[in-house]
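Engineer: what would the 3D arrangement of this be:
(4 chains)
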There are 2 protein chains.
Amino acid sequence: MKQDTSGTRPAPTLEMVAALAGVSRATVSRVVNDVPSVDEDIAAKVRQAILAVNYTPNRAARSLASRKPNSITLIVPESTSKVFADPFFASVVQGVALYLAETDYTLNMVIASEAKPEKTRAFLLGGNVAGALVVSHHAGDRSWAHVSDHIPMVFAGRPLAEGGSYYVDVNNEAAAEGATRLLVKGGRTHIATIAGPQDMPPGVDRITGWRNALEASGLDDSLVEYGDFTLSSGAKAMRRLLERGKPIDGLFVANDQMAAGAYTVLQERGIRIPDDVAVVGFDDDSFATSVNPQLTTVHHPIIEMGKKMAEILVDLIEGKPTDRVTRIPTSLVIRDSAS
Amino acid sequence: MKQDTSGTRPAPTLEMVAALAGVSRATVSRVVNDVPSVDEDIAAKVRQAILAVNYTPNRAARSLASRKPNSITLIVPESTSKVFADPFFASVVQGVALYLAETDYTLNMVIASEAKPEKTRAFLLGGNVAGALVVSHHAGDRSWAHVSDHIPMVFAGRPLAEGGSYYVDVNNEAAAEGATRLLVKGGRTHIATIAGPQDMPPGVDRITGWRNALEASGLDDSLVEYGDFTLSSGAKAMRRLLERGKPIDGLFVANDQMAAGAYTVLQERGIRIPDDVAVVGFDDDSFATSVNPQLTTVHHPIIEMGKKMAEILVDLIEGKPTDRVTRIPTSLVIRDSAS
DNA sequence: GGACCTTGAGAGAGCGCTCTCTTGACAGTG
DNA sequence: CACTGTCAAGAGAGCGCTCTCTCAAGGTCC
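Structural biologist: Predicted coordinates for the structure are as follows:
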């Protein structure tokens, strides 16, 4: 284990493999790239030589010669990166990385500095990147419009202002409606919601779903308070909800973290879950199972989203026809807070 | 905003800039790379041409010609990636990305599949990567030994079996000792701990620090229960601690999440924090401020760790002499649960 | 048996850079 | 004034690949 880092002997090249196998460079290249028109005997010999010298193609040379970049960039706006405490980002990355591992693309990451956006832009437009993925809490930021004219881009989540960009999302509205319907089916008639910020698409879509379910059943939809997706904001919203003095027997919360906040308030007042108030959350993150009773919630398949984003981007890069909008199905996870 | 992706005109090259500025390719290259021996008038003309055509160097060509890779890989073992719910990973990435943004290196990420480790290995050793960073919960995995013979590597956290690898860590032991000392100074004499798993370095170092502080003050160090860093394990450990029936007036918990778990148990039994039991946590993550009363804890500068890891790796790549072990200083954040 | 394909492999020209080497201009020296 | 030294800029050879072209060897067909 040592610093011979400098003395490292150079990596084997195509040329070396070719010499060893007694064929031309071109033939080795064909074998490496699975071009069918190679005699199987020769191909076998080449493969053996590749193994013998432990050859790995040089990506830089490949990219240069083929005139196409082989890396995909994941962009995280600086402001989003500050909210890193939420596991969303990490899971998306995981999904993306998992998918790309099976392709020839390499995943690289940049934090887009809001201070000097041109830097990121130059990097993306410099011909070094085959496509980009954007994970932002302010999805669909118009600021990428110019970039997406030049390289394919896929966004995580529906942009607030839909502008024709490709994106992958869950159907927040339908999922929220389903979650609320569970409450209705459970016989709850005074169903409140703690909604998310209305400047984020999930915030608006989830409250819309809640409202749809109530309207369909002719129930009151005035019991709304807003939070900002944080635990403490959930607690505060719950407090405001209770202060209204109206009866509440069901609660749909726009994310699990706020639900956990609501729990603390409910429990400190001796309100039983689910007996007095049945609660349904959204996301199915670690908060859902760390509270007591465990939270019934909508499973948000974030890793799948990452995979799908990567898949779509690769299709786009390779010119395959692709739908602009992809919705990953969600599912309701029934635990103890509502059933 | 459209699919002219294919029809995209090629990116400007050095050659084009040279032609426009009326100099040779070599001179433009010098200007781009800040080689001092260029006449300032000429350099200015070149810079202007660069701006005019909006030139960005092609990284692949650069890497090829200079015979050195310009990307740094962040490796996340698959098993770690499953624990993605914890914000550690995301923050390290953030730190790394922030540092590398100021350099010429590009950050790429791989999830090391445990099923086929050769794939990752081949990628790393194929000459495509200048160095690697490993973020693992089982730090210092021996499996990287072979790789680190060939390319520089830096690990996050002290490896369990120290083997001469470079790593960045906080001084868990000293920090835990300091945290416990706060409790002692506060007049607490029956100080328990909820420790982490003893097969992870932070787990063992933090309990050692706690023990050191107690020994120095001649206090009882038998009040120990173990958790696995999750919220529910913290609650369970707290329960076991209380069941011992011995008095407890101070508590050091090896991470904030377990402390939050301990809170629930303490509070359901009507034990007041900090009046009856003063609590100090570790990490200063989102749990610390989302509990009530807010948690006094050790600030774990994860982003700084990421930055430092990247810095050290770059130094290593560039052959600068570097210390094997780097410890980032921690600080005690006094909030309401102990002071 | 010659014209015409087909098929498989080699030759060789780049891809956009870096970097060594060379050249040319000019100043300083005896 | 020829000679050397210095320094800035150009020439040009690659880096490790891909990919088009070319060519040789064998069919096939009339």
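Engineer: what residue in the stretch 201-339 of chain A comes nearest to DNA strand C?
Structural biologist: A:Ile317 (18.1 Å; C-beta to the nearest atom of the strand). The way it works is simple: take the backbone N, C-alpha and C, and place the C-beta from them, glycine included.
Engineer: what secondary structure does the residue in the stretch 151-300 of chain A that DNA strand C sits nearest to sit in?
Structural biologist: Of all residues in the stretch 151-300 of chain A, the one sitting closest to DNA strand C is A:Ile151 (15.9 Å; C-beta to the nearest atom of the strand). Three-state assignment for A:Ile151 (DSSP: H, G, I helix; E, B strand; the rest coil): coil.
Engineer: now it: closest residue in space, sequence neighbours ignored.
Structural biologist: In this structure, A:Ile151 finds its nearest non-sequential neighbour in A:Gly131, 5.5 Å apart by C-beta to C-beta, 6 or more residues apart in numbering or on different chains.
Engineer: touching, that neighbour and A:Gly319? I think so.
Structural biologist: No: at 11.6 Å, A:Gly131 does not count as touching A:Gly319 under the criterion of C-beta atoms under 8 Å.
Engineer: most centrally placed residue in chain A?
Structural biologist: Nearest to the geometric centre of chain A sits A:Val92, at 3.6 Å (C-alpha atoms, centre = their mean).
Engineer: next up, the contacts around that one.
Structural biologist: By C-beta atoms under 8 Å, 6 or more residues apart in numbering or on different chains, the residues touching A:Val92 are A:135, A:156, A:302-303, A:305-306, A:309.
Engineer: so which residues of the stretch 101-250 of chain A form strands?
Structural biologist: Secondary structure of the stretch 101-250 of chain A (DSSP state E, counting those that start in this stretch): strands located at A:106-112, A:131-134, A:153-156, A:166-170, A:191-195, A:224-226, A:250-253.
Engineer: okay, the ones you listed, which one's buried deepest?
Structural biologist: strand A:250-253 (a mean of 30; mean count of other C-beta atoms under 10 Å in any protein chain shown).
Engineer: any buried residues in the next helix or strand after that strand, and which?
Structural biologist: Remark: after strand A:250-253, the chain's next helix or strand is helix A:256-268, criterion DSSP states H and E. By neighbour count on 16 or more other C-beta atoms under 10 Å in any protein chain shown, the buried set for helix A:256-268 is A:256-267.
Engineer: so helix A:256-268, near chain B or not?
Structural biologist: Yes: contact between helix A:256-268 and chain B, assessed by C-beta under 8 Å from any C-beta of the partner chain, occurs at A:261, A:264.
Engineer: what average pLDDT does stretch A:275-293 get?
Structural biologist: Mean per-residue pLDDT for stretch A:275-293: 91.
Engineer: residues of it that come out buried?
Structural biologist: Quick answer for stretch A:275-293 (16+ other C-beta under 10 Å): A:277-291.
Engineer: in strands only, show me these.
Structural biologist: Counted as lying in strands by DSSP state E, out of the buried residues of stretch A:275-293, are A:278-283.
Engineer: for chain B, state which of the residues you listed is nearest.
Structural biologist: Closest approach to chain B among those (C-beta to the nearest C-beta): A:Asp283, at 11.1 Å.
Engineer: pretty sure that closest one contacts A:Asn255?
Structural biologist: Yes: distance between A:Asp283 and A:Asn255: 5.0 Å, which falls inside the contact criterion (C-beta under 8 Å).
Engineer: contact partners for A:Gly95?
Structural biologist: A:Gly95 touches A:302-310, counting by C-beta under 8 Å, 6+ apart.
Engineer: only whichever of those are buried, select them in ChimeraX.
Structural biologist: For the buried members of those, the matching ChimeraX selection, counting by 16+ other C-beta under 10 Å, is:
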select /A:302,303,304,305,306,307,308,309,310
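Engineer: show me which of the contacts of A:Gly95 is closest to DNA strand D.
Structural biologist: Among those, and counting by C-beta to the nearest atom of the strand, the member closest to DNA strand D is A:Ala310, at 21.7 Å.
Engineer: does that closest one lie in a helix or a strand, and which?
Structural biologist: helix A:302-317.
Engineer: so that helix, near DNA strand D or not?
Structural biologist: No: if you take C-beta under 7 Å from any atom of the strand as the test, helix A:302-317 misses DNA strand D, and the best it gets is 13.8 Å.
Engineer: CA atoms only: put that helix into CSV for me.
Structural biologist: C-alpha atoms of helix A:302-317 as CSV (Å, rounded to 0.1, in the frame of the first residue of the first chain):
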residue,chain,number,x,y,z
ILE,A,302,-37.5,7.6,-4.7
ILE,A,303,-34.9,5.1,-5.8
GLU,A,304,-37.1,4.1,-8.6
MET,A,305,-37.5,7.7,-9.6
GLY,A,306,-33.7,8.0,-9.8
LYS,A,307,-33.5,4.9,-11.9
LYS,A,308,-36.2,6.1,-14.2
MET,A,309,-34.7,9.5,-14.6
ALA,A,310,-31.4,7.9,-15.6
GLU,A,311,-33.2,5.6,-18.0
ILE,A,312,-35.0,8.3,-19.7
LEU,A,313,-32.0,10.5,-20.0
VAL,A,314,-30.0,7.7,-21.6
ASP,A,315,-32.9,7.1,-24.1
LEU,A,316,-32.9,10.8,-24.9
ILE,A,317,-29.2,10.8,-25.4
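Engineer: that helix to strand A:278-283, inter-axis angle?
Structural biologist: When axes from the mean of the first three to the mean of the last three C-alpha atoms, to 10 degrees is applied, the directions of helix A:302-317 and strand A:278-283 differ by 30 degrees.
Engineer: tell me the mean pLDDT over stretch A:201-214?
Structural biologist: pLDDT averaged over stretch A:201-214 gives 96.
Engineer: correction: stretch A:28-40
Structural biologist: 91.
Engineer: and that stretch, which residues are buried?
Structural biologist: Quick answer for stretch A:28-40 (16+ other C-beta under 10 Å): A:28-32, A:38.
Engineer: how long is it end to end?
Structural biologist: 12 Å (C-alpha to C-alpha, to the nearest Å).
Engineer: from the middle of its chain, how far away would it be?
Structural biologist: Put simply, stretch A:28-40 sits 37 Å off its chain's centre (C-alpha atoms, centre = their mean, to the nearest Å).
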